[in-house]
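>>> Sequence unavailable; structure follows:
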């Protein structure tokens, strides 16, 4: 288990600065899961994002929407259209992650590419500041 504190607004309104989580190693990804992982170019800096694409799936962003296997994704997490467009084939042992507040950041799979499952953590329990 590992503790994480949200420090930025890329996942708002779902997660907000100051929210705290206990997380465990990520093994079997599920669409919609919130994950924490080290930034690929700054290993001392951790990112928090939502799993959108699963291993082996093709992901396309077109016209502000996300498509998985040629079908529009029901995407209740997005607080704005998803831009810019592009296409990715997700390798095995990787996931495609996006911010919920996609207009605030592009530090997700749109720019970083698919994220390895190994080394990431899945959010398990939210807790309040000052409690364990």
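That came through, no problem. Just so it is clear, the structure is predicted and the values come from calculations on it, not from any experiment. Numbering: from 1, shown residues only.
>>> so residue 113 touches residue 87, yeah?
No. Between residue 113 and residue 87 there is no contact under Cβ atoms under 8 Å: 12.0 Å. C-beta here means a position set from N, CA and C on the backbone, and glycine is covered the same way.
>>> Can you name the residues that contact residue 115?
For residue 115, the contacting residues are 35, 37, 40, 49, 94, 95, 96, 97, 109, by Cβ atoms under 8 Å, 6 or more residues apart in numbering.
>>> If the fifth one is in a bridge, with which residues?
In this case it means residue 94. residue 116 (DSSP bridges).
>>> so how far is residue 24 from it?
19 Å (Cβ to Cβ, to the nearest Å).
>>> just the contacts of residue 115: which has the poorest pLDDT?
Among those, residue 40 carries the lowest pLDDT, at 87.
>>> any idea how far it lies from residue 111?
For residue 40 relative to residue 111 (Cβ to Cβ), the value is 10 Å.
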